[in-house]
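Student: model the following, please.
(chains A, B, C and D)
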2 protein chains.
Amino acid sequence: MTDSREDTDQPYCYRYPHPAVTTDVVLFTIRDDALQLLLIERGNEPFKGSWALPGGFVDIDEDLDDCAARELAEETGVENLYLEQLGTFGRPGRDPRERVISVAYLALAPEEQLSVRAGDDAAAAAWFPVKALPPLAFDHDEVIAVAHRRLISKLDYSTIAFQLLPETFTLGELQQVYETLVDAEIDKRNFRKWAQALEQIEATGELRRRGKHRPARVYRLTGRDRITYLK
Amino acid sequence: MTDSREDTDQPYCYRYPHPAVTTDVVLFTIRDDALQLLLIERGNEPFKGSWALPGGFVDIDEDLDDCAARELAEETGVENLYLEQLGTFGRPGRDPRERVISVAYLALAPEEQLSVRAGDDAAAAAWFPVKALPPLAFDHDEVIAVAHRRLISKLDYSTIAFQLLPETFTLGELQQVYETLVDAEIDKRNFRKWAQALEQIEATGELRRRGKHRPARVYRLTGRDRITYLK
DNA sequence: CCAAAAGTGTTCGAACTACACCCATGG
DNA sequence: CCATGGGTGTAGTTCGAACACTTTTGG
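Tutor: Below you'll find the predicted structure:
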């Protein structure tokens, strides 16, 4: 990698060795009442044919957040989703090609806003339930584990879960999201009391009729903030 | 930076431009009943003469955590302190020399264990109260702000503050640490009740006599864990 | 009229807050 | 003996957990 000064393919030279830097994105959504995340099938070596997180190299003049958003847009066709930096993974040897340091991001979006299509260097893109992941390239299993823990623990003290819902939603839908995330049933009355006490949602006044039962009130988030921290 | 292929000073060449990667460490301690952090005076350009976080470039085969620990050991002469990854700062232009992406760490240690001496490329190393920081190099003011927020918010749901105390301590000392961190007085009885209920500390059986008053019971942490998360 | 989700209050225990006095020591 | 920090309990309030029935609609 570093012994090819004569090779005009490698015109970027430094006094000391430099690692490559990538961003990888763990994009969660809820599909079929299960927490799922987006993976791409690698079209190139290393790990060709394995599944991996969407991501790629940071352009030399590109901010890290922008890189994550760009890579995601290239993979999912979606912009303007929730994105937060998760942590940086840089164990030597995690990429067999060269030293690669990866800044991981946690992303959330409602299923409705996602239209996934395979990008250039991906053979395929697909959703997998967090509970049934395929073998993964690099250390992406570790990255996903950290992302999942972070998401779950943020439920307790933030409104992060609202990022998994579209702009308007019913309290039933909200509860389903929480139940999926914590993988347990929640008492309906307590949940609704809690949700209203947040002072983060307001009724739109509309009703949503879906199926043969009483219509539900429709809510939206009050603030423009992506997420707010509680108490 | 990248146009010097003929220069044997720059023997490390790549197909695409690579950023440099550093670690920077925000090391907090409590001195004189104030939360203070370690800064070094830069001996070289850029920002020569300004104060900056201790840190430096990641060796090409070095893990990120190891790099942070090494840089810190070089500056403070202390090993085995609490270190957690804080976040990665990579805005283009944050370093005027070249693209530098910095993985920031939060470190904590009791004053007793620190013997700070200026390292090689630092003109001086010194402690500054968080409330009275000098002008800082790069985006280090931002990094410190993030570190401080993280420390304060972790007080609520972890035992991170114990990392600011030596192995044995009295409840009075523990309370002083918390009062310094939250910058407020805490009710003594409630605090002690809370501390005991944690089930994280045990009396050593010894008494500590300091000054003209009743001796205090000495405690230590029960677990070997650095920090535990509460509830 | 039946199935299905929407909607709604009360009671109990646990956890947190506020608050004041005696104790042991050094000087 | 006095100044200083060490050490202790109780009452009131707030917050979360458990728990069952009526309402409205579509078919």
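Student: tell me the centre residue of chain A?
Tutor: Nearest to the geometric centre of chain A sits A:Leu27, at 2.0 Å (Cα atoms, centre = their mean).
Student: who are the contact partners of that residue?
Tutor: Shown in contact with A:Leu27 (Cβ atoms under 8 Å, 6 or more residues apart in numbering or on different chains): A:37-38, A:54, A:72, A:76, A:81, A:107-109. (C-beta placed from N, C-alpha, C; glycine too.)
Student: for the one residue in chain A that gets nearest to DNA strand C, which non-adjacent residue is spatially closest?
Tutor: Closest contact between chain A and DNA strand C, by Cβ to the nearest atom of the strand, is at A:Gly172 (2.4 Å). Excluding its sequence neighbours, the residue lying closest to A:Gly172 (Cβ to Cβ, 6 or more residues apart in numbering or on different chains) is A:Ala216, at 5.7 Å.
Student: look up how far DNA strand D lies from the one you found.
Tutor: Distance of A:Ala216 to DNA strand D, computed by Cβ to the nearest atom of the strand, to the nearest Å: 10 Å.
Student: tell me which helix or strand of chain A sits lowest on mean pLDDT?
Tutor: strand A:122-129 (a mean of 86; mean pLDDT, DSSP states H and E).
Student: what packs against that one?
Tutor: strand A:34-42, helix A:64-76 (3 or more Cβ pairs under 8 Å, 6 or more residues apart in numbering or on different chains; DSSP states H and E).
Student: again, 10 Å this time
Tutor: Strand A:122-129 sits against strand A:20-31, strand A:34-42, strand A:51-52, helix A:64-76, with contacts defined as 3 or more Cβ pairs under 10 Å, 6 or more residues apart in numbering or on different chains; DSSP states H and E.
Student: same question for the first one, mean pLDDT?
Tutor: Mean pLDDT, strand A:20-31: 98.
Student: now swap in the second one and tell me
Tutor: The average pLDDT within strand A:34-42 is 95.
Student: what helices or strands is that strand leaning on?
Tutor: Helices and strands touching strand A:34-42, by 3+ Cβ pairs under 10 Å, 6+ apart, are strand A:20-31, strand A:51-52, helix A:64-76, strand A:122-129, helix A:140-155, helix A:171-182.
Student: ok, A:Leu53 - how many residues close by?
Tutor: The number of residues packed near A:Leu53 is 27, by other Cβ atoms under 10 Å in any protein chain shown.
Student: likewise for the one 5 residues further on?
Tutor: For A:Val58, the neighbour count with other Cβ under 10 Å is 28.
Student: now swap in A:Ala145 and tell me
Tutor: Neighbourhood size, A:Ala145 [other Cβ under 10 Å]: 13.
Student: try A:Ala203
Tutor: Using other Cβ under 10 Å, A:Ala203 has 13 other residues around it.
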